[in-house]
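# Predicted structure and sequence below. I'll ask about it afterward.
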Amino acid sequence: QVQLVESGGGLVQAGGSLRLSCPLSGRTVSSYSMAWFRQAPGKEREFAAAISWFGITYYTDSVKGRFTISRNSAKNAVYLEMNSLKPDDTAVYYCAVQYGTTWNERAGMKYWGKGTLVTVSS
């Protein structure tokens, strides 16, 4: 059973920074991408960032230049460094796993974490 457990969320002032972590435990296939999604209050869940098996990174336009996705050398944990935070970044942030060596935003995710809340005050 694969488990993803997000941590690092909290309350921060606009312009501040947070670092989210998401370790993966359990048995998976040999190659997968990992991603961060977010869901703001009253809105649908949206893609934020992803990192493919080969380390290629992808970002939604609204976070480019402010957020950085990375992972550990064992490829079983993903991180999201968030800088210059804005109130619009307030959301529950979820990490997820997609099987395969390349990232495909239109493809489904295999596993999801339960999320961590990030609140950015103005």
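Received it, and whenever you're ready, just let me know what you need. Quick caveat: nothing in here was measured; it's all calculated off a predicted structure. Residues are numbered from 1 along each chain as shown.
# Quick check: buried residues in stretch 110-122?
Neighbour-count burial for stretch 110-122, with 16 or more other C-beta atoms under 10 Å as criterion, is recorded at 111-113, 115-116, 118-120. C-beta here means a position set from N, CA and C on the backbone, and glycine is covered the same way.
# low pLDDT regions in this protein?
By pLDDT under 70, the chain has no low-scoring segment.
# Run through the residues that contact the spatially most central residue of it.
Nearest to the mean C-alpha position of the chain, by C-alpha atoms, centre = their mean, lies Trp36 at 2.0 Å. Counting by C-beta atoms under 8 Å, 6 or more residues apart in numbering, Trp36 makes contact with 20, 22, 48-50, 69, 78, 80, 93-96.
# please redo it, this time with the cut-off set to 10 Å
Contact analysis of Trp36 by C-beta atoms under 10 Å, 6 or more residues apart in numbering lists 6, 20, 22, 47-51, 59-60, 63, 67, 69, 78-80, 82, 93-96, 113.
# The residues you listed in strands, which ones?
Among the contacts of Trp36, DSSP state E puts 20, 22, 47-51, 59, 67, 69, 78-80, 82, 93-96 in strands.
# How many neighbouring residues does the closest residue to Ala107 other than its chain neighbours have?
Distances taken as C-beta to C-beta, 6 or more residues apart in numbering place Gln98 nearest to Ala107, at 6.1 Å, with adjacent residues excluded. Per other C-beta atoms under 10 Å, the neighbour tally for Gln98 reads 20.
# likewise the one 3 residues further on?
Other residues within reach of Thr101 by the criterion other C-beta under 10 Å amount to 12.
# Surely it touches Phe54?
Yes: because the distance of 6.4 Å satisfies C-beta atoms under 10 Å, Thr101 is recorded as touching Phe54.
# Common neighbours of those two, please.
Here Thr101 and Phe54 share the contacting residues 31, 33, scored by C-beta under 10 Å, 6+ apart.
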